[in-house]
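Q: Predicted model and sequence follow; I will ask about them next.
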Amino acid sequence: MSRFTLPRDIYYGNGTLEVLKTLKGQKATLVVGGGSMRKAGFLDKALNYLREAGLEVDLIENVEIDPSVDTVLKGAETMRKFQPDWIIGFGGGSPIDAAKAMWAFYEYPNTAFTDLVTPFNFPELRQKAKFVAIPTTSGTATEVTAFSVITDKTTGIKYPLADFNITPDIAIVDPELVFSMPQTLTAHTGMDALTHAVEAYVSTLSTPFTDAVAIKAIQMVFEYLLPSYKGDKTAREQMHYAQCLAGMAFSNALLGIVHSLAHKTGAYFEKHVPHGAANAIYLPYVIQYNAKTAPGRYAEIAKAVGLSGKDDADLVKQLIAKIDALNAELSIVKSLKEWGIPEAEFKAKAGAIAPEAVGDACTGSNPRPINPAEMEQLLNAIYAGTPVNF
């Protein structure tokens, strides 16, 4: 039996932040990041809308990039004292992901983080609160997904928590919130969205439902990401919708080893590799690896974005070239060596990263199986920028 799960309501379009004033309840906890929404005036606007709805509001601020287990547990403790009936994640992927995890520990304080790491093992939520997600970047799509990524700072490992319980009840996809995104963030989050859609389309769990939104998202990213990066507001709006469609796809079809690697390498090296940048760098290499056994699905993507070729292998090569060209236009490098990871550090850590990546929750739906030795070989190619020929 397959399942396709989305938020009950998705509000989209300029100015839809005002949906907050229609919430029915007593108390709301608003979880936010480092302050960009406050500086832009949107945080005050959100608070005013919630108060207009008659809600008492508590604010959890300064959720860090790659939120930690400690941040989640502290936030949950704050929620238990306040007892909200709405939890609102407002910001990029980090505050929304953190708020999702806080939600679980708020309702079930005796739950262990190690229990939640097992995919689809959450307790039944909505015993105390419902959830609203408001993205302020265009990439993670956590506003429509059953995922939350939390980092264990002691090991540097990111854990993708997965359960349909943490799919938000309401998503507010307001393009006005992303018009001021910095150029580099626009590039990285946009490539994160492309990776979500591509991995969902080739996933072993893909379905006609996920295929439809994945292909549309891929087409939109190739059309709108570059002009969005250059500051075009119409394109920026369309990218905000494209990333949401990509989220609908991967939340239900799951992902693959691009994300397995991104989760395990992001905080592992001294020079941090942001999640979207990692996906952008790794995607062409993983396509080369997967196309050895599953070229047809990538060929379908190539055709959908206007490419033509003599056979599937030719189409795959053209798709990789198209992604490489987009990365270059977005000033994203082709390898971890170019990113600035010292060779000695890479060699010292690659052997430990590989089995962790194989064990990541995203690996199971990758279209081609992989073992730790192959994963390390793939990592070596990504580091050096060499073709994947195995």
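A: Looks like it arrived, so ask away. Numbers count the residues shown, from 1 in each chain.
Q: now the strands for the stretch 101-250 of the chain?
A: Along the stretch 101-250 of the chain, the segments classed as strands by DSSP state E, counting those that start in this stretch run 130-135, 147-152, 157-162, 170-173.
Q: Now do the contacts for the residue lying farthest from the centre of the chain.
A: Of all residues in the chain, the one whose C-alpha sits farthest from the chain's mean C-alpha position, using CA atoms, centre = their mean, is Lys310 at 34.2 Å. Lys310 is in contact with no residue at all, counting by CB atoms under 8 Å, 6 or more residues apart in numbering. Every residue, glycine included, has its C-beta placed from N, CA and C.
Q: So for the most centrally placed residue in the chain, what's the nearest residue that isn't a sequence neighbour?
A: When the chain is reduced to its mean C-alpha position, the nearest residue by CA atoms, centre = their mean turns out to be Thr140, at 3.0 Å. Here the nearest residue to Thr140 in space, its sequence neighbours aside, is Gly93; by CB to CB, 6 or more residues apart in numbering that works out to 3.2 Å.
Q: Test my guess that the one you found contacts Ser138.
A: No. At 10.5 Å, Gly93 does not count as touching Ser138 under the criterion of CB atoms under 8 Å.
Q: domain parsing for the protein?
A: Structural domains annotated on the chain: 9-177, 183-384, as defined by automatic domain parsing.
Q: Can you add distance to Met1 and mean pLDDT and give those back as CSV?
A: What follows is the domains of the chain, written out as CSV (distance: least, CB to CB, whole Å; pLDDT from 0 to 100):
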stretch, distance to Met1, mean pLDDT
domain 9-177, 13, 94
domain 183-384, 11, 97
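Q: Ser2 is nearest to which of these?
A: Evaluated over those, closeness to Ser2 peaks at domain 183-384, with 5.5 Å, by CB to CB.
Q: and the end-to-end length of that closest one?
A: The separation between the terminal residues of domain 183-384, taken as CA to CA, to the nearest Å, is 27 Å.
Q: chain center to that domain, what's the gap?
A: A distance of 11 Å separates the centroid of the chain from that of domain 183-384, by CA atoms, centre = their mean, to the nearest Å.
Q: Any idea which of the domains of the chain gets closest to Phe390?
A: Between Phe390 and the domains of the chain, the shortest gap by CB to CB is with domain 183-384, which sits at 6.1 Å.
Q: hang on, the earlier thing: state the distance from the residue nearest to Thr140 to Thr234.
A: Counting by CB to CB, to the nearest Å, the gap from Gly93 to Thr234 is 24 Å.
Q: what about those two, which has more around it?
A: The neighbour comparison of Gly93 against Thr234 (other CB atoms under 10 Å) goes to Gly93, with 29 against 11.
Q: Now for that one: which residues touch it?
A: 135, 137, 139-140, 142, 149, 275.
Q: Skip the chain neighbours and tell me the closest residue to Glu270.
A: Using CB to CB, 6+ apart and skipping residues adjacent in sequence, the residue nearest Glu270 is Glu345, 6.5 Å away.
Q: scratch that, Arg236
A: For Arg236, the closest residue by CB to CB, 6+ apart turns out to be Ser228, at 4.6 Å.
Q: how near is that neighbour to Met239?
A: With the distance defined as CB to CB, Ser228 ends up 5 Å from Met239.
Q: overlap in contacts of those two?
A: With contacts defined as CB under 8 Å, 6+ apart, the residues adjacent to both Ser228 and Met239 are 138, 186, 190.
Q: Next up, the contacts around the second one.
A: Counting by CB under 8 Å, 6+ apart, Thr186 makes contact with 138, 225, 228-229, 236, 239.
Q: re earlier: Ala262 versus the residue nearest to Arg236, what's the distance?
A: With the distance defined as CB to CB, Ser228 ends up 21 Å from Ala262.
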